[in-house]
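Engineer: Quick one: sequence plus predicted model below, questions after.
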Amino acid sequence: MPTTKPNLGFIKKFFTSRTKELEKKIQIQGRQLQLTERRFHEAVRERPNIYAAELNTRNHWEQKPLRDQSRHLYENDPVTRRVVDSIICNMIGRGVTPVTTGNEAVRKNVDEFLSKWLTTVDGDYLRENTLVGLQSLVVRSLVRDGSVFVQRIYSRGKLSLHVLEGDYLNVYITQPNPDTGNEIINGIEFNKDAKVMAYHLFERHPENFGAGKYGGRGPSFDTVRVPYKDICHIKRLDRAGQIDGVSWLAPALLDIWNLREYEEAKLKQQKLQSSYTAFVQDNFELSEEEREDFIAADDQSSLFGETTRSVQPGFVEELPPGKTITFPSPSNTLNENFVERCLRRIAGAMGVSYEIFNDYSNVNFSSGRMGFLEMNRHLRHQLESTVIPQCLMRISGWVLDHLERNGVIPEEHDVSIRWSPEAPVMIDPEKEIASVQTEVASNFISMKEAMSKLGYDFEKTIKEIKDSNQKLDEAGLSGLMYGQGGVLSREFMAKINKVPIRNVIGFEDYDKLLVNLMTQQQSDISDKDASAKQKEADASLKEEQVNKTAMEGEALAAEPSDEGAAEGADSSGVSDV
């Protein structure tokens, strides 16, 4: 029986045409999904504020769209990511460092523990971040989602911190707790005095289908009661009595979406204008009956999605008889004023400077510094009023409690931990430092206040200077000390005081050297004044001597004429005799 070879050309052509049809359908479905998503966000963003008249009468579905939009924009929109990351960098920077005060021996043990957290990942329950990384993660979740939880975990005698997103809070629970008699509102348990006693959290993330503990068997809706002492809830309080937070991006979402859609429309316009497409059309005329037949056939094919007209670069399409294509002529330029207004509104809603978008076209030193200072004040206020009291101060208590439990420090001690933010970046360090030096020299502020103003801890800095100078002395090097008139080296001070330099010189001798230096400077000034007065006295004495000599010369010149007159008188008298 003869065998027939398959027609490979036909098969290839069939699959090619089929592939193009599927690609078109996928494009249509993608556009429909994009349109549906856009309509959803448009419907959500036009909704009134979730806090409305009653403060806490909201459910999870009212706050969830805000979080979803904020997360979507943070992951896909460069403007949103730039704003959120700028807030993190300016609020946290290289980290809000812990500073201990109290007994020196106890402080040493506490500093060693905190230093280990700052340099290793032992403080993170998931072993992924140092303490600075955890701070950045908390602020990122706070700004983007509106709230975040930090739970302390004790495991094998070790203390660690676990950061949880706000989705873990089971906001569906609003009922009395039969075990404790407290009231649960939106997953937060309150006692009769309206104080928070516990949080009811999901065991796993309710929307996480990942692997392991956090969703290997799908999302878990089992709730765990976590006491208040073991968890801290960080959120920005915009109203008194507020129990949960809202995304910081909420007031800027409308402008972000408008700017995003405007740029997409402009991009499509430029793509369309850059596409060189040719259309071929017959020149013959059709009768009315033929025209109606063509129109009816085209409409019927469009109903079944068989024809989808699109413009592509280098595409040549034959138009059916009786149809033409007309393109509008919109503006070819981008409206920079609209873009700038949207960016300024977004920056104002988030409390940051417009210059974070790298537009310095209309900025000089003064305006740039004013904008930076205003942003720094705003973010420092949010840090001092939200992150430090609600999170970092609670962590301080957990650390001291952990060290007391393990006997590292005694139960009775006077050690406390406070948190020092990073020093703000200076735009012009020379001018700004000179301004602070003038304030200190004029006794307007103390040295401690000046160092705190620059973001440094006074006691820690003094100790570091003392230790560094001592190490330089031990190595046979001379450190630098600040005196009136600039930086004075110890060699220069020793030469003035005629004190021999030693490799190791006690810090108690510095005061004596400074007193001797001041005395020497004062004596030099007195010597200069005395020398000037002596020169004036010598000059006046010399002038008097010159005048006296001149007068004596005049007197001597006048004496011979008087003697000649006397001799003449005597001679006349003799002749008369």
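Structural biologist: Alright, I've got the coordinates.

Engineer: can you pull the contacts of residue 409?
Structural biologist: Under the criterion of Cβ atoms under 8 Å, 6 or more residues apart in numbering, the contact partners of residue 409 comprise 106, 109, 110, 400, 403, 415. Any C-beta I mention is one placed from the backbone N, CA and C, and that applies to glycine too.

Engineer: Now the buried members of those.
Structural biologist: Among the contacts of residue 409, those classed as buried by 16 or more other Cβ atoms under 10 Å are 106, 110, 400, 403, 415.

Engineer: Are we agreed that the first one is in a helix?
Structural biologist: Which is residue 106. Yes. Secondary structure of residue 106, determined by DSSP: H, G, I helix; E, B strand; the rest coil: located in a helix.

Engineer: For the stretch 151-300 of the chain, which segments count as strands?
Structural biologist: For the stretch 151-300 of the chain, the strands identified by DSSP state E, counting those that start in this stretch occupy 158-165, 175-176, 183-185, 188-190, 196-202, 223-227, 231-235, 278-280, in order along the chain.

Engineer: Now the two most distant members of the contacts of residue 409.
Structural biologist: Distance extremes for those: the farthest pair is 109 and 400 at 10.5 Å, using Cβ to Cβ.

Engineer: ok, and for stretch 547-554, which residues are buried?
Structural biologist: Within stretch 547-554, no residue qualifies as buried by neighbour count (16+ other Cβ under 10 Å).

Engineer: I'd like the distance between residue 360 and residue 259.
Structural biologist: As defined by Cβ to Cβ, to the nearest Å, residue 360 lies at a distance of 20 Å from residue 259.

Engineer: These two: which has the busier surroundings?
Structural biologist: Taking neighbours as other Cβ atoms under 10 Å, residue 360 and residue 259 compare with residue 259 leading, 20 against 11.

Engineer: ok, now which ones touch the residue nearest to that one when sequence neighbours are not counted?
Structural biologist: Nearest in space to residue 259, with sequence neighbours left out and distances taken as Cβ to Cβ, 6 or more residues apart in numbering, is residue 342 at 4.2 Å. Residue 342 makes contacts with 255, 256, 258, 259, 262, as judged by Cβ under 8 Å, 6+ apart.

Engineer: Got phi/psi on the closest residue in space to the last one that isn't next to it in sequence?
Structural biologist: To tie it back to what came earlier, the one meant is residue 262. Spatial nearest neighbour of residue 262, chain neighbours left out: residue 338 (6.8 Å); criterion: Cβ to Cβ, 6+ apart. Backbone dihedrals for residue 338, given as degrees, to the nearest 10, come out at phi -70, psi -40.

Engineer: Would you state the predicted confidence (pLDDT) at residue 338?
Structural biologist: Looking at residue 338, its pLDDT reads 87.

Engineer: ok, how many other residues are close to it?
Structural biologist: Other residues within reach of residue 338, judged by other Cβ under 10 Å, total 12.

Engineer: cool, residue 399 as well?
Structural biologist: Applying other Cβ under 10 Å, we find 20 residues neighbouring residue 399.

Engineer: Report all helices and strands that the one helix or strand it maps to contacts.
Structural biologist: With the criterion set as DSSP states H and E, the secondary-structure element containing residue 399 is helix 393-405. With contacts defined as 3 or more Cβ pairs under 8 Å, 6 or more residues apart in numbering; DSSP states H and E, the packing partners of helix 393-405 are helix 104-119, strand 147-155, strand 158-165, strand 416-420.

Engineer: Looking at the shortest one now, give me its mean pLDDT.
Structural biologist: Here strand 416-420 scores 91 as its mean pLDDT.

Engineer: With only the CA atoms kept, save it in CSV.
Structural biologist: Listed in CSV are the C-alpha atoms of strand 416-420, where the atom choice follows Å, rounded to 0.1, in the frame of the first residue of the first chain:
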residue,chain,number,x,y,z
SER,A,416,18.1,52.5,80.3
ILE,A,417,18.2,52.4,76.4
ARG,A,418,17.3,55.3,74.3
TRP,A,419,17.4,55.5,70.5
SER,A,420,19.4,58.1,68.5
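
Engineer: What strands flank it, and is each parallel or antiparallel?
Structural biologist: On the basis of DSSP bridges, the sheet neighbours of strand 416-420 come out as strand 97-101 (antiparallel).

Engineer: average model confidence for the partner strand?
Structural biologist: The predicted model gives strand 97-101 an average pLDDT of 89.

Engineer: In it, which residues are buried?
Structural biologist: Using 16+ other Cβ under 10 Å as the burial criterion, the residues of strand 97-101 that qualify are 97, 98, 99, 100.

Engineer: now stretch 360-369
Structural biologist: Along stretch 360-369, these residues count as buried under the neighbour rule (16+ other Cβ under 10 Å): residue 369.

Engineer: Outside of that stretch itself, which residues are in contact with it?
Structural biologist: Outside stretch 360-369, the residues that touch it by Cβ under 8 Å, 6+ apart are 355, 371, 427, 428.

Engineer: what number of residues lie near the closest residue to residue 402 other than its chain neighbours?
Structural biologist: Nearest non-adjacent residue to residue 402, counting by Cβ to Cβ, 6+ apart: residue 159, 4.2 Å away. When counting by other Cβ under 10 Å, one arrives at 21 neighbours for residue 159.

Engineer: What separation do you get for residue 159 and residue 230?
Structural biologist: From residue 159 across to residue 230, the span is 11 Å (Cβ to Cβ).

Engineer: intersection of neighbour lists for these two?
Structural biologist: The contact sets of residue 159 and residue 230 overlap at residue 152 (Cβ under 8 Å, 6+ apart).

Engineer: Quick check: which ranges of the stretch 151-300 of the chain have low pLDDT?
Structural biologist: By pLDDT under 70, the low-scoring segments of the stretch 151-300 of the chain are 209-220, 275-300.

Engineer: one more time with 80, if that's ok
Structural biologist: Residues of the stretch 151-300 of the chain that meet the criterion pLDDT under 80 lie in 207-221, 269-300.

Engineer: Can you tell me which of the contacts of residue 342 lies closest to residue 394?
Structural biologist: Sorting these by how near they are to residue 394, with Cβ to Cβ, puts residue 256 at the top with 33.0 Å.

Engineer: ok, now which ones touch the closest one?
Structural biologist: Contacts of residue 256 were listed using Cβ under 8 Å, 6+ apart, and they are 73, 77, 79, 80, 249, 342, 346.

Engineer: Now the buried members of those.
Structural biologist: Neighbour counting with 16+ other Cβ under 10 Å marks 73, 79, 80, 249, 342, 346 as buried within the contacts of residue 256.

Engineer: Show me those residues that map onto helices.
Structural biologist: Counting by DSSP state H, those place 73, 79, 80, 342, 346 in helices.

Engineer: For those residues, give me a markdown table that also has distance to residue 388 and pLDDT.
Structural biologist: Converted to a markdown table, these look like this (distance: Cβ to Cβ, whole Å; pLDDT from 0 to 100):
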| residue | distance to residue 388 | pLDDT |
| --- | --- | --- |
| 73 | 28 | 92 |
| 79 | 29 | 94 |
| 80 | 26 | 95 |
| 342 | 33 | 92 |
| 346 | 27 | 94 |
